[in-house]
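Peer 1: coordinates for the following, if possible.
(one chain, ligands or ions: 1)
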Amino acid sequence: MKLTIHGAARTVTGSMYLLEVNGRKILFECGFFQGKRKESHERNRFFPFVPSEIHCMLLSHTHIDHSGNIPNLVHQGFEGTIFCNHATRDLTSLMLEDSAHIQESDAAFINKRNQREGRKDEPLAEPLYTLREAQAAVRHFMSVGYDRAFDIMEGVTVTFHDAGHILGSSEIVFDLREGARRLRLVFSGDIGRGKSDLLRDPTPFEDVDVLILESTYGGRTHEPQETANDRLCAILNRALERKGKVIIPAFSVGRTQQLVHALHELTEKHSLARIPIYVDSPLSINATEIFRLHPECFNAATNEKLRNHENPFGLQTLTYIRSADESKALNDHPESCIIISASGMCEAGRVRHHLRNNIDDPKNTILMAGFCAPNTLGRALIEGQSHVNIHGEKHVVRAHVEVMDAFSAHADRNELLGLVERSTGPMRQILLTHGQLDQAEALAKSLQVKHPDSKILIPDLHESVEL
Ligand SMILES: [Zn+2]
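Peer 2: The predicted structure follows:
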């Protein structure tokens, strides 16, 4: 039995793992690698294995760094089934179509620019995959609920458990049998913080022999989640005293719904004045509809609300905006308002227009509430840069920039350690992935103290491990 780490090795992006057992190959995760343009293109275009040789695939959750390259896998010859949780299937179908759309329009933009500037020698830019290819990939999905063991081939039984990270996110448990050998391999996927207002706590791992654990924040602690709403409220009330607008860049799946839910609670409690709130992102609207369809994925309190036909993702003062014209009309909105828009890292989408129009007014506030990778506009704002570039124009940052990480969808160092503490089994090998090297090393140190008999590894890209 062999495991090869083909992505998210000593970094957070491009998750991809190849498991070989009983002479067959199983892939879990097939994420987009996101980085500098040329490297990303190469890494995403060429697989380090032959897609047609993969027997089947498993997917832990919908985020694009875990699912984004599936259409390419299918297009290049993969014929098997892709297993995931029901909500993950629904959300991923949306995400992949959206991703195809972004790639098609990016390629069209580049080709148009090259033509306009007379760059005849530039090769024609092509999208990594098209909308049609994304739709073809979704036909390979087969969804399974949490906690149901199912056989994917001889000698491999799989169970998904709730990882509490986003809607439908799963830990994947593999019960492997090869000859007389029996082994339980657990892949954590991305792990949530626990104590969420919406989601359940991550499930502790049971009887684990080999654990693959994410380490995004293996060396850091977040602000406490319990006081997240109070902190959000304080930031918003300060912003509203200045009578400006509040722009919140947010991921369409997960963060947006979490923020809307928090605003709902604060408005109900009268901690926040009733001011207009806009969610300006078509993908967020579609994703929110899917959230409503899956009460089984939420914690007891939210499940109850959804069953009683209450709407935790809507309130009287909130408007969901689909059309581009309505989005543009927000520029002339005369009063204070809150605009939640994608993308979370401010690299694409309508939020860039809102930032461009509001960044140079000191009355306004930009609230950064999510992770932003290096070299993104979001990261520049978090780092407090005084000038930023948006759509090729230089802007002075005069708006107030507020940063909070309490809404993070990832467990921090103590929360990861707590989860492993509540887990059982010999854990003779622990592989730390999905984290920058410094974060993985910090987590390895803490884990080794508690598990002196475990072999803790931080695998490098394409490294193989015998299980
Ligand atoms: Zn994730």
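
Peer 1: point out the residues in this protein that sit beside the ion.
Peer 2: 63, 190 (Cβ under 5 Å from the ion). Backbone N, C-alpha and C define where each C-beta goes, glycine included.

Peer 1: so where's this structure uncertain?
Peer 2: For the chain, applying pLDDT under 70 flags no range at all.

Peer 1: which stretches of it form helices?
Peer 2: Counting by DSSP state H, the chain has these helices, from start to end: 37-45, 64-67, 70-75, 86-116, 131-138, 228-241, 255-268, 282-292, 300-307, 324-329, 351-358, 377-382, 413-421, 437-450.

Peer 1: what's the domain layout of the chain?
Peer 2: Annotated domains of the chain cover 2-220+409-466, 225-403 [automatic domain parsing].

Peer 1: any chance of these in JSON lines, plus mean neighbour count?
Peer 2: Formatted as JSON lines, the domains of the chain follow (neighbours: other Cβ atoms under 10 Å):
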{"stretch": "domain 2-220+409-466", "mean neighbour count": "19"}
{"stretch": "domain 225-403", "mean neighbour count": "18"}
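
Peer 1: tell me which residue is most central in the protein.
Peer 2: By Cα atoms, centre = their mean, the chain has its centre lying nearest to His63, at 3.7 Å.

Peer 1: give me the nearest residue to the residue in the stretch 101-250 of the chain positioned nearest to the ion, chain neighbours excluded.
Peer 2: Residue of the stretch 101-250 of the chain nearest the ion, by Cβ to the ion: Asp190 (3.7 Å). Nearest non-adjacent residue to Asp190, counting by Cβ to Cβ, 6 or more residues apart in numbering: His165, 4.3 Å away.

Peer 1: what's the answer for Leu199, then?
Peer 2: Gly164 (4.9 Å).

Peer 1: for His63, see how far away Lys25 is.
Peer 2: Taking Cβ to Cβ, to the nearest Å as the measure, Lys25 falls 23 Å from His63.

Peer 1: check contacts around the residue of the stretch 1-150 of the chain found nearest the ion.
Peer 2: Residue nearest to the ion within the stretch 1-150 of the chain: His63 (3.5 Å; Cβ to the ion). Listed by Cβ atoms under 8 Å, 6 or more residues apart in numbering, the contact set of His63 reads 31, 95, 166, 190, 253.

Peer 1: nearest to Phe291 among the residues you listed?
Peer 2: Val253 (8.7 Å; Cβ to Cβ).

Peer 1: gap between the closest one and His434?
Peer 2: 18 Å.

Peer 1: do the same with Asp325
Peer 2: Taking Cβ to Cβ, one finds Asp325 at 40 Å from His434.

Peer 1: one more: Phe407?
Peer 2: 19 Å.

Peer 1: Gly378 - nearest residue in space that isn't next to it in sequence?
Peer 2: Using Cβ to Cβ, 6+ apart, the nearest residue to Gly378 is Cys372, at 3.3 Å.

Peer 1: now do the contacts for the one you found.
Peer 2: 344-346, 378-379, 381-382.

Peer 1: nearest to the ion, of those?
Peer 2: Distances from the ion to the contacts of Cys372, taken by Cβ to the ion, are shortest for Gly344, at 11.6 Å.

Peer 1: surely that closest one touches Ile248?
Peer 2: No - counting by Cβ atoms under 8 Å, Ile248 is not a contact partner of Gly344; they are 9.4 Å apart.

Peer 1: smallest gap between the stretch 251-400 of the chain and the ion, at which residue?
Peer 2: Gly254 (7.9 Å).

Peer 1: that residue: what's it in contact with?
Peer 2: Per Cβ under 8 Å, 6+ apart, neighbours of Gly254: 165-167, 409.

Peer 1: what do you get for Val403?
Peer 2: Applying Cβ under 8 Å, 6+ apart, the residues contacting Val403 are 367-369, 382.

Peer 1: look through this structure and tell me its longest strand.
Peer 2: Secondary structure of the chain read by DSSP state E shows that its longest strand is strand 170-178.

Peer 1: who touches Ala8 in this structure?
Peer 2: 14-16, 29, 31, 65, 433-434.

Peer 1: looking at these, spot the one nearest Ser40.
Peer 2: Gly14 (8.6 Å).

Peer 1: now go through the contacts of Gly254 and say which are in strands.
Peer 2: Among those, no member lies in strands (by DSSP E).

Peer 1: how about these, which pair is most distant?
Peer 2: Checking the contacts of Gly254 with Cβ to Cβ, the most distant pair is Leu167 and Ala409, at 10.5 Å.

Peer 1: distance of the residue of the stretch 101-250 of the chain closest to the ion relative to Tyr129?
Peer 2: Asp190 is 23 Å from Tyr129, by Cβ to Cβ.

Peer 1: circling back: and of the helices of the chain, who's closest to Ser215?
Peer 2: helix 437-450 (4.3 Å).

Peer 1: elements contacting that closest one?
Peer 2: Contacts defined by 3 or more Cβ pairs under 8 Å, 6 or more residues apart in numbering; DSSP states H and E place helix 437-450 against helix 413-421, strand 429-433, strand 455-457.

Peer 1: so which of the ones you listed comes closest to Leu467?
Peer 2: Nearest to Leu467, of those and by Cβ to Cβ, is strand 429-433 at 7.4 Å.

Peer 1: residues contacting the closest one, please?
Peer 2: 3, 5, 8-9, 15, 209-215, 218, 440, 443-444, 447, 451, 454-459, 465, 467.

Peer 1: one more pass at 6 Å, please.
Peer 2: Under the criterion Cβ atoms under 6 Å, 6 or more residues apart in numbering, residues 8, 210-213, 215, 440, 443-444, 454-459 lie in contact with strand 429-433.

Peer 1: just stretch 98-112 next, same as before
Peer 2: By Cβ under 6 Å, 6+ apart, stretch 98-112 touches 64, 68, 125-131, 134, 283.

Peer 1: list the contacts of stretch 155-171.
Peer 2: Applying Cβ under 6 Å, 6+ apart, the set of residues contacting stretch 155-171 is 22, 60-61, 85, 87-88, 146, 149, 151-152, 173-178, 188-192, 199-203, 254, 291, 297, 409.

Peer 1: same check on stretch 307-319?
Peer 2: Against stretch 307-319 from outside (Cβ under 6 Å, 6+ apart): 257, 260-261, 264, 267, 274, 276-278, 288, 302, 305.

Peer 1: what's near enough to touch Leu447?
Peer 2: Per Cβ under 6 Å, 6+ apart, neighbours of Leu447: Ile456.

Peer 1: no wait, Ile235
Peer 2: Here Ile235 is in contact with Glu402 (criterion: Cβ under 6 Å, 6+ apart).

Peer 1: apply 8 Å and report the result again.
Peer 2: Counted by Cβ under 8 Å, 6+ apart, Ile235 has contacts 365, 367, 402, 404.

Peer 1: for Arg413, same thing?
Peer 2: Contacts of Arg413 (Cβ under 8 Å, 6+ apart): 217-221, 442-443, 446.
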